[in-house]
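Undergrad: fold the following, please.
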Amino acid sequence: MNVTDDELREGLQTFIDNAVAPSAGDISVTVDGGVVTLQGRVATATQRHAIRDLVAASPGVHHVLYAIEIASAAPAHQLA
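TA: Purely as a prediction, here's the structure:
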């Protein structure tokens, strides 16, 4: 069964919002030709990597691009 980009996006977004990171932050999902782009912010690097790995293993996903920031990371100009 082939999954459309819209179906894949909706399923991944729901999965991330409810199961993976309900309080981790705000992650948006876009899909184009099976290529998933994840953008947003999470609390930890562990959450960031878990989301990427789980999305990459999902049926219909061909590639994952992610621009997920870690909320607890201090901006570079503030590092001593």
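Undergrad: count of neighbours near the nearest residue to residue 62 once chain neighbours are set aside?
TA: Spatial nearest neighbour of residue 62, chain neighbours left out: residue 34 (3.6 Å); criterion: CB to CB, 6 or more residues apart in numbering. Every residue, glycine included, has its C-beta placed from N, CA and C. Residue 34 has 13 neighbours, counted by other CB atoms under 10 Å.
Undergrad: was I right about residue 36 contacting residue 29?
TA: Yes - using CB atoms under 8 Å, residue 36 is in contact with residue 29, at 6.4 Å.
Undergrad: need the residues touching each of those two.
TA: 9, 12, 55 (CB atoms under 8 Å, 6 or more residues apart in numbering).
Undergrad: those into TSV, with extra columns for neighbour count?
TA: Formatted as TSV, the shared contacts of residue 36 and residue 29 follow (neighbours: other CB atoms under 10 Å):
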residue	neighbour count
9	18
12	24
55	21
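Undergrad: among those, name the ones in helices.
TA: Counted as lying in helices by DSSP state H, out of the shared contacts of residue 36 and residue 29, are 9, 12, 55.
Undergrad: kindly reformat the residues you listed as CSV containing pLDDT and distance to residue 43.
TA: Shown next, in CSV, are these (pLDDT from 0 to 100; distance: CB to CB, whole Å):
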residue, pLDDT, distance to residue 43
9, 96, 23
12, 93, 19
55, 93, 18
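Undergrad: between the residues you listed, which is nearest residue 42?
TA: Among those, residue 55 lies closest to residue 42 (CB to CB), at 12.8 Å.
Undergrad: tell me the contacts of that closest one?
TA: Counting by CB under 8 Å, 6+ apart, residue 55 makes contact with 12, 16, 29, 36, 38, 61, 64.
Undergrad: appreciated, that's everything.
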